[in-house]
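Chemist: When you get a sec, could you give me coordinates for this:
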Amino acid sequence: MRPATAAEALRGLIRVRPHGWLASPLPTTPATVAERLRDVLDQDYAEYPAAGGPLEVLAARATAAVATVGEPPAAVLKLHADTDAYDAELLAYALVGHSPVLPSLLGAADASRSLLLEYLPGAFDWGAAGAPAAVIEAVAAVHAAPASLDAASAEALAPFRLDRLATTPAPAWISDPGAWRTVIALCLEAHGSEHIPVGHLDLKPEHVRHRRGDDAACLIDIETVRPDITGLVDLVTLPAVLRQAGTPLPGAEVRELFRAATARHGATWTTGDLRAALIAFQRATGLATLDGLAA
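Modeler: Numbers count the residues shown, from 1 in each chain. As a prediction, this is how the structure comes out:
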């Protein structure tokens, strides 16, 4: 059976955290979460124009709480329970947050582990002609975003460049270091030595939005993005996400749309090299399936 969600598409790669890993879980009752978020808003974002407006809780999980701010909503307030998750989302914004296909980061507060983000009001029209291609184009734009970092940021994030990763040991979560070296070599050939191989967007149909008055696909919730996994991980999930959205495409067609989208951002993938990179990525990470992408 083909994967029905991005999480299912990553079966074999996903490592489940042990029970009790979260030291200080957040409350999960909406009323308690709303009170907590109001305190954070008043304490850390009082200068924000919509700070005095109402909050609407969108998510109340032990790991994170999310609410819109203002009426109509003007921003999104997000609170992390875990410092590492908060730091990871800040790193993601440092890497790719300047991309126009992502909500802008309006503010962040280390003490409360919170972020204030641009609110994107429009639900993406998955029934529109070319919707899958538009989403794949947005994914490729995020992957390419580190290429336009300012000089200071590029220097600070240089350890994540492909030429540096090519000479360092494989990450601990890689099960086949030799296959991982093949992945990095093929990515380096396609993207160049200075490319930072970001990936692992939290791709879901509901995480594709657009700005008011603009139909361009935008992607929300980038806390899972990391600089050492490559964009192949997002290509792996795209067939399942499109299937979940009711716009299924064969894996080979998704791969070629992705290849064309990355080419518009300067990548030089050939079909053969991209297929080889996917096969090596599967071996390196233990993925259960490539969902037709290497056909």
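
Chemist: Following the chain onward from whichever strand or helix holds A67, which element is next?
Modeler: If you go by DSSP states H and E, A67 is part of strand 64-69. Next helix or strand after strand 64-69 toward the C-terminus (DSSP H and E): strand 75-80.

Chemist: Compute the distance from the centre of that next one to the centre of its chain.
Modeler: 16 Å (CA atoms, centre = their mean, to the nearest Å).

Chemist: Not counting the very next helix or strand once past that strand itself, show me its contacts.
Modeler: Using DSSP H and E, the helix or strand that follows strand 75-80 towards the C-terminus is helix 83-96. For helix 83-96, contacts defined as CB atoms under 8 Å, 6 or more residues apart in numbering pick out 63-64, 78, 80, 102, 105, 108, 110, 113-115, 142, 145-146, 149, 153, 156-157, 160, 196, 198, 222-227. The C-beta positions use only the backbone N, C-alpha and C, and glycine is treated the same way.

Chemist: which of the residues you listed count as buried?
Modeler: Using 16 or more other CB atoms under 10 Å as the burial test, the contacts of helix 83-96 include 63-64, 78, 80, 102, 105, 108, 113-115, 142, 145-146, 149, 157, 160, 196, 198, 222-227 as buried.

Chemist: gap between the two ends of stretch 60-71?
Modeler: Counting by CA to CA, to the nearest Å, you get 20 Å between the two ends of stretch 60-71.

Chemist: Work out the gap between that stretch and the centre of the chain.
Modeler: With CA atoms, centre = their mean as the basis, stretch 60-71 stands 18 Å off its chain's centre.

Chemist: For that stretch, give the mean pLDDT please.
Modeler: The pLDDT scores in stretch 60-71 average 96.

Chemist: List the buried residues of that stretch.
Modeler: By 16+ other CB under 10 Å, the buried positions in stretch 60-71 come out as 60, 63-70.

Chemist: can you list those residues in JSON lines and add distance to D291?
Modeler: Shown next, in JSON lines, are those (distance: CB to CB, whole Å):
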{"residue": "A60", "distance to D291": "32"}
{"residue": "T63", "distance to D291": "27"}
{"residue": "A64", "distance to D291": "28"}
{"residue": "A65", "distance to D291": "33"}
{"residue": "V66", "distance to D291": "29"}
{"residue": "A67", "distance to D291": "35"}
{"residue": "T68", "distance to D291": "34"}
{"residue": "V69", "distance to D291": "38"}
{"residue": "G70", "distance to D291": "40"}
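
Chemist: Those: which two are farthest apart?
Modeler: Farthest pair in the buried residues of stretch 60-71 (CB to CB) is T63 and G70. Separation: 24.6 Å.

Chemist: quick revisit: just the angle between the strand holding A67 and helix 83-96, please?
Modeler: 60 degrees (axes from the mean of the first three to the mean of the last three CA atoms, to 10 degrees).

Chemist: tell me the contacts of L219?
Modeler: Contact analysis of L219 by CB under 8 Å, 6+ apart lists 101-102, 138-139, 142, 201, 203, 207-209.

Chemist: Out of these, list just those in strands.
Modeler: Counting by DSSP state E, these place 208-209 in strands.

Chemist: Please identify, among the contacts of L219, the one with the most neighbours.
Modeler: Neighbour tally across the contacts of L219 (other CB atoms under 10 Å): the maximum, 28 neighbours, falls on L201.
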